[in-house]
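> Below are the sequence and a predicted model for it; my questions follow.
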Amino acid sequence: MKYQLKTIECVNALLNDLYINLRKKVNYWSKLTGQTAQAKMGYIGQHLVSAVTGYLGGKSGARGKDLIISDTEYAEIKTCTRIDQLGVCKNCGSPVSPVEERCSLCNSTNIKRKDDSKWLINITEEEPNENTLDDSEDVLTNIIKPKYFFFVLFEYEDIGNKNSPVIITIYRVNPRNPGFVFCMLDYFYKLGHKSAFNMWPHMLKFALCHPCILYKSKIENDGRIETLIFEPDNPQEVIFDDLPRFSQSKLVKDNSAGILSEYGIDANDGISVTKMLKVIDEYCKENNISNETKINKFSKGLYKSSVSSIKSDLNAKGRRLPSVFDEFVDSLD
């Protein structure tokens, strides 16, 4: 049967062929050989984004342009799978395969199932220029060249339930969103681009990238697929609410005054981070602040101090931020 891209039938057929059936076979061989239960999920994520959006890939795998949108536009695809991660026995500390119900060493069922995988973002040049210095800020401009970043996430609905359904979500992020830009500037000038940036699903920095969901499905243990969201052309905003869930963030605590200032809320020295975040939630709701505005204000308050420090350090060395970031940096003044 020939499938048509950008249809649910196409997406379901792809998931059956490249995910459901493949995973069953990989798990069988994992039990037999003791090898990993993963099957290069990053490439399956790329196939899935093409099936959902209708855009073809650049045929390059790990390098090059992951998704060709037009003659001049492309997108990057990042896949994170929290399925089939290696667990650990809480009794003896031995590794436990995701298909094992007991520790093979001590026979304990006291198993910690891990779900801490993340998306890795490398700030590098797709086509390196020999005239670009390895530590030059020119390298940083690559992060906003793609039209979009697509983040694919495979995770269990309930990590503690061996028979839990698998949830697959595709998020779309515009790399010119302030939260994404400020996050990358902060990372680049603190740690450089030698190592990948860890973007954690469901955490604050990703929420500030203003992600939208274009696809979401649930795969039951028997292989049935339930499509929950299929909006390739009109992705659904991820609502930035219930802010107290981010109350443990040191970054929020250190920049609480700046965050409150962005919303025009007077800072109270005695206010806790949890209370502050509740106040912001209530303020935005009462004043009908849009989701995008709420995110952008929070991003500016969170990163203003860091970006200002970066500018000062560069100026002292006779350098400056690349001009492509001027509009973002100027918005902080």
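On my side now, so go ahead.

> going forward, measure contacts and count neighbours with C-alpha atoms only.
Noted.

> so how far is the first residue of stretch 191-210 from its last?
24 Å (CA to CA, to the nearest Å).

> for that stretch, the distance to its chain's centre please.
Remark: stretch 191-210 is offset 7 Å from the chain centroid, using CA atoms, centre = their mean, to the nearest Å.

> pLDDT averaged over that stretch - what is it?
Averaged over stretch 191-210, pLDDT sits at 89.

> Next up, the contacts around Phe197.
Contacts for Phe197 (CA atoms under 8 Å, 6 or more residues apart in numbering) come out as Leu120, Ile121, Asn122, Tyr187.

> What about the third one, how many residues nearby?
Same thing as Asn122. 15 (other CA atoms under 10 Å).

> Quick check: the nearest residue in space to it that is not next to it in sequence vs Ile123, distance?
Using CA to CA, 6 or more residues apart in numbering and skipping the chain neighbours, the partner closest in space to Asn122 is Ala196 (4.6 Å). For Ala196, the distance to Ile123 equals 7 Å [CA to CA].

> which one of the two has more residues nearby?
Ile123 (21 against 16).

> Would you confirm that that one contacts Asn142?
Yes: look at Ile123 against Asn142 with CA atoms under 8 Å: they come within range, at 6.8 Å.

> any idea where the helices of the chain begin and end?
For the chain, the helices defined by DSSP state H cover 8-15, 21-33, 41-53, 178-191, 204-207, 250-254, 256-262, 273-286, 291-316, 326-330.

> and for the last one, what are the contacting residues?
By that I understand helix 326-330. Pro178, Val181, Val307.

> Of these, keep whichever come out buried.
Taking 16 or more other CA atoms under 10 Å as the criterion, what is buried in the contacts of helix 326-330 is Pro178, Val181, Val307.

> between the residues you listed, which is closest to Gln236?
Pro178 (18.8 Å; CA to CA).

> Thr7 versus Lys40, what's the distance?
For Lys40, the distance to Thr7 - CA to CA - is 24 Å.

> Settle it for me: which of those two has more neighbours?
Set side by side, Lys40 and Thr7 show more neighbours around Thr7, with 15 against 10, by other CA under 10 Å.

> OK, contacts around that one?
Thr7 touches Ala51, Val52, counting by CA under 8 Å, 6+ apart.
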